[in-house]
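A.B. asks: I'd like to go over a predicted model; first the sequence, then the structure.
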Amino acid sequence: MERTINNKVLLRALEPKERPSLPSNFAYTTMRRIRLERQKSEQRQRIVAVCCVLAVTILGIGGLFYMFGATIWQSMVTISKRPEDLSLALPTFFCLAFFALLNRWLARHYVGRNKT
């Protein structure tokens, strides 16, 4: 009796086993996972870049105020005493706003098309 059980166990162990088969959409799901990981990585890189730009900008403006704060404050006091010095401020603001909007529109219109 023990021999027959032993033989059955040996026969079962020696039988060719089926390899586990992959699902039919394995390539698609793998490529989708790779694409999602790449998108997450690009998103993280964008966040890091924006944080770096903000930090450099804040430090730069802070440094300018640290070095030239007294001069800037004195200029503001002088301008507030003579309102005619502000006559160029409004047109300058509108010109800067126009060029900023033009820059944004051109970047979206031309740079967006050339992306690969």
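C.D. replies: On my side now, so go ahead. Numbering: from 1, shown residues only.
A.B. asks: chain center to the host helix or strand of Thr71, what's the gap?
C.D. replies: Using DSSP states H and E, Thr71 maps to helix 26-81. Averaging C-alpha positions (C-alpha atoms, centre = their mean, to the nearest Å) puts helix 26-81 11 Å from its chain's average.
A.B. asks: what's the first helix or strand after it?
C.D. replies: Heading C-terminal from helix 26-81 (DSSP H and E), you reach helix 89-106.
A.B. asks: what sits up against that following helix?
C.D. replies: Where contact means C-beta atoms under 8 Å, 6 or more residues apart in numbering, no residue beyond helix 89-106 reaches it. C-beta: built from backbone N, CA, C; applies to glycine.
A.B. asks: alpha carbons of it, as PDB, please.
C.D. replies: Extracted C-alpha coordinates of helix 89-106, given in PDB (Å, rounded to 0.1, in the frame of the first residue of the first chain):
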ATOM      1  CA  ALA A  89       3.000 104.300 -13.600                       C
ATOM      2  CA  LEU A  90      -0.400 103.600 -15.100                       C
ATOM      3  CA  PRO A  91       0.700 103.400 -18.800                       C
ATOM      4  CA  THR A  92       3.700 101.400 -17.700                       C
ATOM      5  CA  PHE A  93       1.500  98.900 -15.900                       C
ATOM      6  CA  PHE A  94      -0.800  98.500 -19.000                       C
ATOM      7  CA  CYS A  95       2.200  98.000 -21.300                       C
ATOM      8  CA  LEU A  96       3.600  95.300 -19.000                       C
ATOM      9  CA  ALA A  97       0.200  93.600 -18.700                       C
ATOM     10  CA  PHE A  98      -0.200  93.700 -22.500                       C
ATOM     11  CA  PHE A  99       3.300  92.200 -23.100                       C
ATOM     12  CA  ALA A 100       2.700  89.500 -20.400                       C
ATOM     13  CA  LEU A 101      -0.600  88.500 -22.100                       C
ATOM     14  CA  LEU A 102       1.000  88.500 -25.500                       C
ATOM     15  CA  ASN A 103       3.900  86.400 -24.300                       C
ATOM     16  CA  ARG A 104       1.400  83.900 -22.800                       C
ATOM     17  CA  TRP A 105      -0.700  83.700 -25.900                       C
ATOM     18  CA  LEU A 106       2.400  83.300 -28.200                       C
END
